[in-house]
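Visitor: Fold the following, please.
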Amino acid sequence: MSETFAKRVCLWTAMSVWMCVASAAGRPAAEASRFSILVFTKTAGFRHDSIPAGIAAIRALGSEHGFSVVSSEDTSVFNEVELAKFRVVVFLNTTGDILNPVEQAAFETFIRLGGGFVGIHSATDTEYDWPWYGQLVGAYFQSHPAIQRAVVKRVDSSDASTAPLPPEWLRTDEWYNFQDDPRSRVTVLLNLDETTYNGGTMGESHPLAWRHEYDGGRAWYTAMGHTEESYSEPLFVSHILGGILWAANMALSDPQRDPLRTGYVVVNPDPGSAVPAATVTLALLTDGAVQSQAAVTVQSLVYDASFFAEVQSAMAGNVGIAITNPSYSANVVTITPYRPDGSSAGGPVTMILSPRGQAARFLNDIFSDSMPNVFTGNIRIEGSAPFSLLALRFSGSAFNTVPLTSSPVAMDSAGTLVFPQIAMGGGWATQIALLNNGGETITGRIDIFDTVGNPMSIGLNNMFQNAFPYSIAAAGGLLFAPRTQNGQPIFLTLGTAN
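Guide: Model prediction:
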């Protein structure tokens, strides 16, 4: 089986649960880790109760984003041979003097060879007598008041660790004061507003998270993460994820190596806001380059749709459909093939789409007992309730959309748009473009759902989440796309089909 065909079958092999058989092509897409990190938690001073929760949260991030996680308190791992196995070393709530001079030298070599460092909370309460480490982590801890709520202000919204965060973030933690202000040495990402809590000693410039390139490597630090509850906060965990990926010099998403995620898109304008023009583009990638892509303008929901199909017998079908039922009630969908003369060519076949559910199958699978292996004619799809439909035709390593004929259903008062298929990972990528053709700013939210209607997080614009708010000025546009480490949409990287 070819790699391209395996990716195609990943997308279209199952009705209610996607089943990926890319492994049959010998490609280690979802199985291989993008990189490995070491989470080091040794303490020689205060021991944080939140360490186990932090390890668990980072392990979960690794499972979800395709990197492996090793946790240890054994300092013997700090030798050049062992450290070379990792892309990033995380100091998670370490304290005190934890490495001997030989181990320190090995860690310095790791950074000088391009390794990454992530420090969390009391990583700045570590190794006060090691000047090189002080420069790496950026600053040393001085004091802290009691745990309390405060406002964290986002300074840099372009970084993967801060892009998902609100401009002003109210949360509870233990707020560190530092021995000096590292602002002249690092890029500050977050600043603590000392007017919103008691016990700050640094004034208006109170950096709370930062990053910098140092001695050949990369270092990222956040002062938050004292409490166990922090590691169950989605925003804080996404903050850590962005830091790990920046230190690793990796993009937030790797559609080739990430596990395949499939589902659908709902564009929800805010009340009183006009509906954007929406285009969703699907792409197939090989070796980091787009081999084939197809863009589809999102249409209104329909009860009845048809398209002309030429179905070939080879390799499990060459035409597939995706149908989404956005309502909270089941939808009975009937699919009937007709020959060019209008006579029935088999079926009809009935599917029952669950509330908020989606189905995607090849026509050969839908009509496995009734359609001829080779078919040319009309495919009509009718639903008991409005649905969203997409048809794709595959040919070798390329694919394209099949034109649909339908009578659109008037949208509801909210102007909701539904696109029935997205795919991210396993060699697939999806981007969403919104355009405002009106004369006033429009606002709303893009929601991502899996095939059974549950919220599903994907990586777009250096954010990994299931809902993406938008605000688009008159005549403006906005692109939500998986991006490379330098921030460019991966769709700009085109390859040669083979």
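Visitor: the domain parsing of this protein - what is it?
Guide: Following automatic domain parsing, the chain resolves into domains at 35-247, 261-492.
Visitor: Need the distance between the two termini of the longest one.
Guide: To tie it back to what came earlier, the one meant is domain 261-492. 21 Å (C-alpha to C-alpha, to the nearest Å).
Visitor: For that domain, give the mean pLDDT please.
Guide: The average pLDDT within domain 261-492 is 85.
Visitor: just the shortest one next, same as before
Guide: Throughout domain 35-247, pLDDT has a mean value of 96.
Visitor: Compute the first-to-last residue distance for it.
Guide: End-to-end for domain 35-247, by C-alpha to C-alpha: 12 Å.
Visitor: Surely Gly415 forms part of a helix?
Guide: No - according to DSSP: H, G, I helix; E, B strand; the rest coil, Gly415 belongs to no helix; its state is coil.
Visitor: Is it correct that it is in contact with Gly272?
Guide: No - in this structure Gly415 lies outside contact range of Gly272 using C-beta atoms under 8 Å: 10.1 Å. Backbone N, C-alpha and C define where each C-beta goes, glycine included.
Visitor: Please say which of these two ends up with more neighbours.
Guide: Taking neighbours as other C-beta atoms under 10 Å, Gly415 and Gly272 compare with Gly415 leading, 18 against 8.
Visitor: now the helices: where do they sit in the stretch 301-450 of the chain?
Guide: Along the stretch 301-450 of the chain, the stretches classed as helices by DSSP state H, counting those that start in this stretch are 363-366.
Visitor: OK, contacts around Ile381?
Guide: Residues counted as contacts of Ile381 (C-beta atoms under 8 Å, 6 or more residues apart in numbering) are Asp304, Ala305, Ser306, Ile321, Ile323, Val333, Thr334, Ile335, Phe387, Leu389.
Visitor: Write down the beta-bridge partners of it, one by one.
Guide: Ala305, Ile335 (DSSP bridges).
Visitor: and the gap between it and Thr222?
Guide: Distance, Ile381 to Thr222, using C-beta to C-beta, to the nearest Å: 50 Å.
Visitor: Export the domains of the chain to a markdown table and append columns for distance to Asp254.
Guide: Shown next, in a markdown table, are the domains of the chain (distance: least, C-beta to C-beta, whole Å):
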| stretch | distance to Asp254 |
| --- | --- |
| domain 35-247 | 6 |
| domain 261-492 | 8 |
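Visitor: so Ala283 is in which element?
Guide: Here Ala283, judged by DSSP states H and E, is contained in strand 277-286.
Visitor: Okay, the nearest residue to Tyr140 once chain neighbours are set aside and Ala139: tell me how far apart.
Guide: Among residues not flanking Tyr140 along the chain, Gln179 sits closest, at 4.7 Å (C-beta to C-beta, 6 or more residues apart in numbering). From Gln179 across to Ala139, the span is 7 Å (C-beta to C-beta).
Visitor: which of these two has more neighbours?
Guide: Counted by other C-beta under 10 Å, Gln179 and Ala139 do not tie: Ala139 has more neighbours, with 23 against 13.
Visitor: mind listing the strands in the stretch 51-200 of the chain by residue range?
Guide: Along the stretch 51-200 of the chain, the segments classed as strands by DSSP state E, counting those that start in this stretch run 67-72, 88-92, 116-120, 141-143, 148-154, 168-173, 177-178, 187-193.
Visitor: Nearest to Pro420, out of those?
Guide: Nearest of these to Pro420, taken as C-beta to C-beta: strand 67-72 at 31.1 Å.
Visitor: mind listing what's buried in that closest one?
Guide: By 16 or more other C-beta atoms under 10 Å, the buried positions in strand 67-72 come out as Phe67, Ser68, Val69, Ser71.
Visitor: Include distance to Gly347 when you put the residues you listed into TSV, please.
Guide: Formatted as TSV, those follow (distance: C-beta to C-beta, whole Å):
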residue	distance to Gly347
Phe67	46
Ser68	47
Val69	49
Ser71	55
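Visitor: So which of those residues is the closest to Phe419?
Guide: Phe67 (29.7 Å).
Visitor: what sits against that closest one?
Guide: For Phe67, the contact set (C-beta under 8 Å, 6+ apart) comprises Ser33, Arg34, Phe35, Ser36, Ile37, Leu61, Arg87, Ile244, Ala248, Met250.
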